[in-house]
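In: I'd like to go over a predicted model; first the sequence, then the structure.
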2 protein chains.
Amino acid sequence: MDRERCELWLDEVQNHLRGELLPFWLTHGEDKKYGGFLTYFDKDGNPTGETQKTLICQTRMIYSYSSAHRAGFGEGDFLKLARQGVDFLLDNFWDPDHFGWFWICERDGAPVDRSKLTYGHSFAIYALSEYAMASGDQRGIQWAMETYKALQNLAADNCHGGYYEFLEQDWTCKPPGVYGGDRKSFDVHMHLMEAFTNLYEATGLHICERRTQEIVELIMGRILHPEHRTGVAQFALDWTPLRAILFKNVWGADRDVEQDEGRPMNNTSFGHNVEFAWLFKHTADILDLDLEAYEDTLRTLYDHCCEYGIDWERGGVYCEGPHDGPARERNKEFWQQAETLIGMLDAYLVFEDERYLDAYENVHRFVMDHVINHKVGEWLPLLDENNKVIWDYMAHAWKINYHTVRSMIQCERRLLKILK
Amino acid sequence: MDRERCELWLDEVQNHLRGELLPFWLTHGEDKKYGGFLTYFDKDGNPTGETQKTLICQTRMIYSYSSAHRAGFGEGDFLKLARQGVDFLLDNFWDPDHFGWFWICERDGAPVDRSKLTYGHSFAIYALSEYAMASGDQRGIQWAMETYKALQNLAADNCHGGYYEFLEQDWTCKPPGVYGGDRKSFDVHMHLMEAFTNLYEATGLHICERRTQEIVELIMGRILHPEHRTGVAQFALDWTPLRAILFKNVWGADRDVEQDEGRPMNNTSFGHNVEFAWLFKHTADILDLDLEAYEDTLRTLYDHCCEYGIDWERGGVYCEGPHDGPARERNKEFWQQAETLIGMLDAYLVFEDERYLDAYENVHRFVMDHVINHKVGEWLPLLDENNKVIWDYMAHAWKINYHTVRSMIQCERRLLKILK
C-alpha cells in the first residue's frame, strides 16, 4: 500500500468535506420560514424557487445532518438542523388516518401526494434512527418504530416475502406497470436493509435484527442473480425477474429514454451493486454475521464494477450494463461515484487487494476533478461518458446531501483506517 | 337428491345440537370462581380436577359460544358466557411487556407458559372477531387487531412468507426440531386463513382482505402438494417439505408413537384437507373470489378423502395416509369426523355430486352411532379402526366444543340449504 497516495486522497477528502461540502449545507437547506428543508439549488447554489418537500429529501437531509453530528462535525449546529427537520416531518408528513408518511407536501406542510412509498419509509427509518443515535431524542426511536410497524402491518408481502413498494394513501397497492403496484426492486429492498440495520443499532431489539437478517437472505437468495451474483433491478411480486422500467411518481423518469419496453433483461447497476456491497459489510458488522460465507459474492460485486463499470480511460463509473460484459448506459451519475468511492475502500479493507485502491483512485480523481463544483461546494448530478456536464444543478427533488456527505464521511473513516 | 335421507340427517343434527350438545356446554365450561373456562371433563361429563387454562381452549370456547349466539341459540346466555371468557382473556392472557398472548395460565390467570404460539394467536383473532360480530362489543375488534399486529410485527417471516409458529415470550424463535422453531405447518396457516377471513368479515379492512389472499396463495402455491394437491403437513422455514414430527408444548404428543423419525414423507391428513376445503369455500365467499380457478383443487381434496379416507365398511374417517393410496393411520379422531361432515355437505353444494352425500351419510351415521356420547352430550375423542373407543373423556386441554358445535351448526345450515 502506497501511503503517499492514500494521504493525498485523505487530504482532498477532508478539504472537500470540511471546506466545501459541509459549509454548503450549513448555509443551504433549512427552511427558516416553515421548518424542514428546501432542497432545490441551481448550479451556483441559489434557490431555484421550487419549494415542494418530498419525504425522500426531508428524511435524507435529517440523516445527513445527524450523521455529520455523529461524526463530530458542526458543534451542535448540524444536530439543530436535523432536529428542526424532525419537527417539521412529525408535524406534517405523518398520516394520522391511515398511518405512514405522505410522499410530497407543500412548503408549508400541506400534503400534495398522500401516496405511501416503501422507499420513502425506509429512509424515514434510516433517518430517525440515525437522529436518535445522534441526539438521544426518544422521538427518533419512537417514530422509527412507528414507521417499521406501519410498513410491517400494511406493506409487507406475507406470501412472497419482502414488501410492496408503491401504495396509495390507504395502503392498497397502486396500479401495475409504471405505477409500480405489481413490482419489487433491488433498490427498495437494499435501502430497507440499510434502514433495519440502523434501527437495530439504535434499539438493540431482536425483531429489528431478525428483519435485517430476512432482508439479507432475500437479497442474497432472490435479488442477486443466481449465477452472476450482481443485482437484478426489478421483479414481479413473486420475485420473477423483469425488465426494469421507469416509474411515475419518483425521480428517474427524467433521466432515461428507453421507456417503452424497459431496459434489457441482462442489466445491472454498478452503483447499486457496490453500494449494496459496502452496506452489507456494515450490516454484517452490526449483526455480527460471519462474513466468510458472503465473501465470494462481495468480491464478485466489486470485481464486476472494476472490470466493466469503471471508465479506466476518462475516469468515473458508468451507470449500467449487462451482468457479464461492458457497460451499456455510460453516463456518469454523481451517486454512483459517491457509493463506489466508499465501496472500493471497503473492498480494500476486506480483501487487501491493491486493485481496489486503483479503482478508488480512478473515481476519486474523477470526482475531485470533474464532479465536484468546488466553487459552490456540492457535486454535479450527471456527466456523459466524455465527462461533459449534462445537468449542473446542485440539489433537486431527489438529489441532496445524502450520497455526497455520507461518501466523504465514510471515505475519511476508511482512509484513516487504511493509513493506521 | 333423496329428500328423505336429508331430512333424517337434519333431524338428527338438530336433536343433537339442541338437545345434547348445546345444553352440555350451557352447563359445563364456565369457571364461576375466576372467570374464563374450565375444560376438563371425564366420560361422564364430570370435572377431572385439572384446571390449567390454555390459550387455545379459552379462545375456542369464546368462538363457539359467540358463534352459537350468532346462529340464534341461547337467548343471550351463550353471549354472556363468551363475554366473561373475553373478560378473563383480556385480564390475564395478554403480555403487556412483549405483546401477544401467553400460552398457558393457571386457573386464577397467573401465567405458567409465556410462550407465543402463532396457532393460539390465530384462534384469538378468530374468536375475538366472532365475538365482535356476535356482540357488537368493540373490544372484540380492538383486540383482534392488536393480535394481528403482534403477529405481523413479531412473527411474520418477511423472507419466505408465512409466519414463524413457535416463539418464546419475547418472540424469538424456539429451538429447532420438537420445539418447532424452524418449522411451518399447514395446520397453522390454514387456521390463519380462517382467522383473517373472520377478521376481514368483522372489520371490512382492506389489509385483512390482503392478508387472507396472501395466505390463500401460500397454501395453494406452497402447502398443497404441487401434483397431488392434498396438504403437506410440515415444512422448513423456506417451505421445503419435511417429514412431519410431533412438537412439545402442544397436544398431539400424546397421540402418536412414530416419534423418532417422524411420519413418512408421503403423508396427508384427511381431516385437514377437507377442513381446508370448506374453510376455503367460506373464504372465497367472504372475499368474493372466483371459485372456478380453485374447483379442481377442491374436488381433489374431497375425492381423495372419499376414496382413501372414509371407512366405507365400518364408517367414519381415518386420520392420515399417503397422497395417493389407502389410509395408513386408521384411528378415527372426533375432529376429523366433525370437519368431514361440513366438508362433504359443502362439496355437494358446490359440485352437486351425490357421492359426497353418500360420504356425508357414512360419517354422519358413524358419528351419531359411535362417536357421540348421547347420554352426556359431547363426542368421544378417539376410536380405533374397528370403532373401539380408545379415549373416552368429554373435554380436555385440546378438545372442547370448537369442532363439535361448529360442525353441527354448519351442517344444519347446509342441510337446510340442500333441502330448500
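Out: Now that the structure is in, tell me what you want to look at.
In: what does chain A put close to chain B?
Out: By Cβ under 8 Å from any Cβ of the partner chain, the part of chain A that sits against chain B consists of A:148-149, A:152-154, A:156-163, A:170-172, A:206-207, A:211, A:213-215, A:217-218, A:221. Just so you know, the C-beta spots here come from the backbone N, C-alpha and C atoms, and that holds for glycine as well.
In: would you map the strands across the stretch 1-150 of chain A?
Out: A:53-54, A:104-105, A:111-113, A:116-117 (DSSP state E, counting those that start in this stretch).
In: got TSV for the ones you listed, with mean neighbour count and mean pLDDT too?
Out: Formatted as TSV, the entries for the strands of the stretch 1-150 of chain A read as follows, by neighbours: other Cβ atoms under 10 Å in any protein chain shown; pLDDT from 0 to 100:
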stretch	mean neighbour count	mean pLDDT
strand A:53-54	28	96
strand A:104-105	22	96
strand A:111-113	15	97
strand A:116-117	28	98
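In: export those strands to CSV and tack on distance to residue A:42?
Out: CSV is the format used below for the strands of the stretch 1-150 of chain A (distance: least, Cβ to Cβ, whole Å):
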stretch, distance to residue A:42
strand A:53-54, 18
strand A:104-105, 21
strand A:111-113, 22
strand A:116-117, 27
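In: who's in contact with whatever residue of the stretch 301-420 of chain A ends up closest to chain B?
Out: Relative to chain B, the nearest point of the stretch 301-420 of chain A is residue A:301 (20.4 Å; Cβ to the nearest Cβ). Residue A:301 is in contact with A:229, A:230, A:231, A:273, A:274, A:276, A:277, counting by Cβ atoms under 8 Å, 6 or more residues apart in numbering or on different chains.
In: can you rerun that using 7 Å?
Out: If you count contacts by Cβ atoms under 7 Å, 6 or more residues apart in numbering or on different chains, residue A:301 has them with A:229, A:230, A:273, A:274, A:276, A:277.
In: widest-spaced pair of the residues you listed?
Out: Greatest spatial distance among these (Cβ to Cβ): A:229 and A:274, at 12.9 Å.
In: give me the more crowded residue out of those two.
Out: A side-by-side neighbour count of residue A:229 and residue A:274, using other Cβ atoms under 10 Å in any protein chain shown, places residue A:274 first with 29 against 19.
In: spatially nearest residue to the more buried one (excluding sequence neighbours)?
Out: For residue A:274, ignoring the flanking residues on the chain, the nearest one in space by Cβ to Cβ, 6 or more residues apart in numbering or on different chains is residue A:343 at 3.5 Å.
In: tell me which element the one you found falls in.
Out: Secondary structure from DSSP states H and E places residue A:343 in helix A:334-351.
In: who's in contact with the helix or strand that that helix is followed by?
Out: Following helix A:334-351 in sequence order, the next helix or strand is helix A:354-366 (DSSP H and E). By Cβ under 7 Å, 6+ apart, the surrounding residues in contact with helix A:354-366 are A:5, A:9, A:302, A:306, A:310, A:312, A:315-317, A:337, A:340-341, A:344-345, A:347-348.
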